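Asks: with the sequence up front, the predicted model follows.
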Amino acid sequence: MRTITLLVIHCSATPEGRSLDLEACRKDHIRHRGFRDIGYHFYITRDGHIHAGRPLEQAGAHCKHHNRHSIGICYEGGLDAQGRPKDTRTPPQKRALKQLISRLKRKFPQALAVGHRDLDPMKECPCFDAVREYL
């Protein structure tokens, strides 16, 4: 197993009122980004369902310079209806994220939960302060 030091939280940059399920995200990553598979290890839809993406044993494709030692977690959403950054997590998504991060921290106790924006200041993703929320 890889050494995991980061749990990197992302949003899919999907506007409110629009849907992007796991398979649509996977197809986008393959067709438009040239990835072999979805870049994230987990994808959480608005209903709070946690979908498995890439196997944990494989490096993700979600955060430049950090993929080797991280797990990528993405929630569906992150933009308001006009396409501006906004924390659009539903209550089921918030519960699912908290549950998943707790489970992963038990497996990888040294891992820190951070937002994509904490590693790349040019990003607003995941549109909330993940470090403060998941300390």
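Replies: It's in.

Asks: okay, CA-based contacts and neighbour counts for the rest of this
Replies: Fine.

Asks: end to end, how far does stretch 35-54 reach?
Replies: According to Cα to Cα, to the nearest Å, stretch 35-54 extends 11 Å from its N-terminal end residue to its C-terminal end residue.

Asks: can you tell me what sits against stretch 14-34?
Replies: When contacts are defined by Cα atoms under 8 Å, 6 or more residues apart in numbering, stretch 14-34 is touched by residues 12, 35-39, 43, 45, 51, 76-83, 88.

Asks: select only the buried ones of the residues you listed in PyMOL?
Replies: Written as a PyMOL command, the selection of buried residues from the contacts of stretch 14-34, which uses 16 or more other Cα atoms under 10 Å, is:
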select buried, resi 12+37+38+39+43+45+51+76+77+78+79+80+88
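
Asks: the contacts of stretch 14-34 in strands, which ones?
Replies: Restricting the contacts of stretch 14-34 to those inside strands, with DSSP state E as the criterion, leaves 43, 51, 78, 79.

Asks: just the helices in this protein please.
Replies: 22-33, 91-107, 116-119, 130-133 (DSSP state H).

Asks: most tightly surrounded among the ones you listed?
Replies: Among those, helix 116-119 has the highest mean neighbour count (mean count of other Cα atoms under 10 Å), at a mean of 20.
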